[in-house]
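> got a predicted model here, sequence first, then my questions.
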Amino acid sequence: MTTQLGEGLTLHTDFYELNMMNTFFEQGISERNAVFEVFFRDLPFGSGFAVFAGLEHVMDYLNHLKFSEDDLAYLQSRTDYSDAFIDYLRHLKFTCTVKSALEGDLVFNNEPIWQIEGPLAQAQLVETAVLNMINYQTLVATKAARIRSVAGADPLMEFGTRRAQETAAALWGTRAAYIGGFNATSNVLAGKEFGIPISGTHAHSLVQAYGNDYDAFKAYARSNKDVVFLVDTYDTLRSGVPAAIKVANEFKGKINFLGVRIDSGDMAFISKRVRQQLDDAGYESAKIYASNDLDENTIQNLKMQGAKIDIWGVGTRLITAYDQPALGAVFKLVSIEDAAGKMRDTINCRTMLRKFQRRAKSRFGVLRVKMMANLKAIMLPWQMKPLIHNEVFICSIRTFRTSIKRLKILKPSHFYRRFMTKASRFITHHRYKKSKHMPLGVPTHYGMNIDAF
């Protein structure tokens, strides 16, 4: 990338991260080895999956992790940190190891999707930024994949920049949409930085500036080779499309008349009439573009109504993750080096299971745990059951098995309804197979890559 998008983000963190770093430093444990993992508890959008994104942004941030003199001067002016700690930050160099799912992988709730191992203070520092990047971009990529699943082979264009929450969200959200299956974007900077194809038409203001469709389209055709006319500024069927056809005829051989775009009205009805007008004029290959607050539900409804729309422009409901504004991923310490130099697990399985059972029981009723004779312990989360019946989670950590035996809840004779495990750290294998139970909205072109861990 020509722009170092991660540069200068070291202070993009919560104040409490620095306070904890200061404590670790003052108590002499800042360099102890520690392992943190990122996971989320609930699948977004009521989906059966999530699509992982944000890794490139995270790695760009980590590669530029360094406190500048301006950063240190600010901290000295606002805190009572010791000179020794400030000097520690001045010479801090990121030395942690990162393990992660790959961008575009299907990921699921209550299993680790990103892991960092290294000095305790360093790993703690990056929590806020890592969650900020992964939470948002995974949401957008998942939303994009859901839209792709109903759009089929139809081209999808990302139009959300003007509705995104500021410039960084627009830029990285565009990239996440591309990971999730979109074909192009209207964001020129995203095209430059990430190599995403750029595409666009024109706005209503062009037509308004000329006062009528014909003069506007004619002016646009004189200055652009590939043209798509926005035909619904005044009257789509009586003014917009006839003017587009007239200009296409006048400039035949001089422009590539790609099609027309509609941005309002009853799109199912209008698109059928527009298709008829274009075909009657000999432009069977001209495409009909549609925009205006589209998402997977709207697109599916339009397709069920037989809409003659070829290309979809999706903006607001994609870039803002409109249905669900937060993924809720968390960053948890799972293991740390003790005074003797041995790694100690920080998650007590027995406590975790009891805590989670109380939470799950209050939400879903009585729990069920399913045992299989050929495995020590197998959890079948209730959320995965509607997706496929061949979903298997194998927990192979010895301490976890011991804790389960002590709980005495995993006897073959005990069945509890709707069990969902919280012990995501101990998932070491995931077998995924297609089945007839695959629901609408699950893209089959993505592949699991748990081996990335």
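Nice, thanks for sending it over. It should be emphasised that the depicted structure is a prediction, and the values quoted were computed from it without experimental measurement.

> distance of the residue lying closest to Y81 once chain neighbours are set aside from A281?
Spatially, and ignoring its direct neighbours in sequence, Y81 is nearest to N22 (5.7 Å; CB to CB, 6 or more residues apart in numbering). The way it works is simple: take the backbone N, C-alpha and C, and place the C-beta from them, glycine included. To A281, N22 is 72 Å away according to CB to CB, to the nearest Å.

> and those two? Which one has more around it.
Counted by other CB atoms under 10 Å, N22 and A281 do not tie: N22 has more neighbours, with 21 against 16.

> go ahead and confirm that one touches Y88.
No: look at N22 against Y88 with CB atoms under 8 Å: they stay out of range, at 9.1 Å.

> how many residues are close by G306?
By other CB under 10 Å, 10 other residues sit near G306.

> would it count as being in a strand?
No: counting by DSSP: H, G, I helix; E, B strand; the rest coil, G306 is not part of a strand but coil.

> for R222, see how far away the spatially most central residue of the chain is.
Nearest to the centroid of the C-alpha atoms of the chain, with distances taken as CA atoms, centre = their mean, sits T138, at 1.9 Å. Going from T138 to R222 by CB to CB gives 44 Å.

> over to G48: give its phi and psi.
Main-chain torsions, G48, degrees, to the nearest 10: phi -100, psi 10.

> and it, what pLDDT?
Note on G48: pLDDT of 91.

> tell me, how many residues neighbour it?
For G48, using other CB under 10 Å, the count is 21.

> which residues touch the residue of the chain positioned farthest from its centre?
Here the chain reaches farthest from its C-alpha mean at E250, the gap being 45.0 Å by CA atoms, centre = their mean. Contacts for E250 (CB atoms under 8 Å, 6 or more residues apart in numbering) come out as K218, A221.

> same question, D279
Applying CB under 8 Å, 6+ apart, no residues contact D279.

> and it, what helix or strand is that in?
Using DSSP states H and E, D279 maps to helix 267-280.

> if you count contacts, what does the very next helix or strand once past that helix end up packed against?
Past helix 267-280, heading to the C-terminal end, the next element that is a helix or strand (DSSP H and E) is strand 287-290. With contacts taken as 3 or more CB pairs under 8 Å, 6 or more residues apart in numbering; DSSP states H and E, strand 287-290 sits against strand 256-262, helix 267-280, strand 311-314.

> just put those in CSV and tack on distance to R146 and mean pLDDT.
As requested, the helices and strands packed on strand 287-290 are arranged in CSV below (distance: least, CB to CB, whole Å; pLDDT from 0 to 100):
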stretch, distance to R146, mean pLDDT
strand 256-262, 23, 97
helix 267-280, 20, 98
strand 311-314, 11, 98
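
> now render the ones you listed as TSV, adding distance to L75.
Compiled in TSV, the helices and strands packed on strand 287-290 are given as follows (distance: least, CB to CB, whole Å):
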stretch	distance to L75
strand 256-262	51
helix 267-280	54
strand 311-314	42
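
> between those, which one is closest to R162.
Smallest distance to R162 across the helices and strands packed on strand 287-290 (CB to CB): 12.3 Å, for strand 311-314.

> state the mean pLDDT of the longest helix along the chain.
Secondary structure of the chain per DSSP state H: the longest helix is helix 127-151. Averaged over helix 127-151, pLDDT sits at 97.

> what average pLDDT does the helix or strand hosting K246 get?
Assigned by DSSP H and E, K246 falls within helix 241-250. Computed over helix 241-250, the mean pLDDT rounds to 98.
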